[in-house]
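Student: below are the sequence and a predicted model; questions follow.
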Amino acid sequence: MIKAVFFDIDGTLVSFKTHVVPKSTLHAIELLKKKGIKVFIATGRHRRSINNLGDLEFDGYVTLNGGYVFAGKDDVIYKHSIPDKDIEALVRYQEKEGEFPCAFVQEDEIFMNYTDKAVNDVFHLLNFPAPPIRPIEDIYGKTVYQLIAFFTAEQEKRIMKVLSHCESTRWNPLFTDIVPLGSSKRVGIDKMLEHYHIGLDECMAFGDGGNDIQMLSHVGIGVAMGNAAEDVMSAAGYVTTSVDENGVYNALKHFNII
């Protein structure tokens, strides 16, 4: 019996075309709540960056790809930051090899060292304003939970060698989310389920991006959206229709959850 459902946001709950949650998805979440099934967010976004869910409320939030987990609205039950030595190494790398756009995600704010066309394209895709610009040295002494780094998959091989205590969770060709080793939506889900005393086999998750692969292969029922990449579909137990074709509602009906 399913007692909890986790949802990625961009490309899963929210359409990249309309930038809103489809009416069928809103109805599905309402039905889940009426049945007493807990609903959670599992996203790469910072909590303060979740600006596209309207009035929807959830029982908890796995944010920053599992690096910062809230039960309810503001009860922090888990957080995992990037080691200071990796942040220092990244700043030195940029000073020596040349800058690339990078957002530094802290507990209460985000800033970038600079922007370019790729950055503007991504934030337009996500319908979200770009963070403020500050000198990269401003990050010294601050706790960082995630980096949003704008470099190609080819550059990634070289740059990630500098960040030896981190891993890349790419879900877009223009950028990657960099998190501390051992941080993932899978880990965040485990922390949430432990808090609410819910078993893994009683849990369902929906996703569409590369940073969803671990959670989809981990939960009792992992559902990939029809707009997901092939590797995401391969990791899931079931593939539904796209976010714009009532994918969440259709999958929940398929499994008789609603």
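Tutor: Thanks, I have the structure now.

Student: where exactly do the helices run in the stretch 51-200 of the chain?
Tutor: Using DSSP state H, counting those that start in this stretch, the helices of the stretch 51-200 of the chain run over 84-97, 117-125, 153-159, 185-196.

Student: out of these, deepest packed?
Tutor: Across the helices of the stretch 51-200 of the chain, averaging neighbours per residue (mean count of other CB atoms under 10 Å) puts helix 185-196 on top, at a mean of 21. Quick note: C-beta positions are derived from backbone N, CA and C, even for glycine.

Student: most centrally placed residue in this structure?
Tutor: Centroid-nearest residue in the chain: G44, 2.0 Å away (criterion: CA atoms, centre = their mean).

Student: hang on, that one in a strand?
Tutor: No. Assigned with DSSP: H, G, I helix; E, B strand; the rest coil, G44 falls outside any strand and is coil.

Student: please tell me how far it sits from I178.
Tutor: 11 Å (CB to CB, to the nearest Å).

Student: what's the pLDDT at L126?
Tutor: L126 is assigned 76 on the pLDDT scale.

Student: swap in E88?
Tutor: The per-residue pLDDT reported for E88 equals 95.

Student: got it, and S15?
Tutor: Note for S15: predicted pLDDT of 93.

Student: how about the helices of the stretch 51-200 of the chain, which one is nearest N227?
Tutor: With CB to CB as the measure, helix 117-125 is the member of the helices of the stretch 51-200 of the chain nearest N227 (13.2 Å).

Student: quick one: residues contacting the nearest residue to D121 once chain neighbours are set aside.
Tutor: Once flanking residues are discounted, D121 sits nearest to L174: 6.6 Å by CB to CB, 6 or more residues apart in numbering. By CB atoms under 8 Å, 6 or more residues apart in numbering, the residues touching L174 are 118, 121-122, 150.
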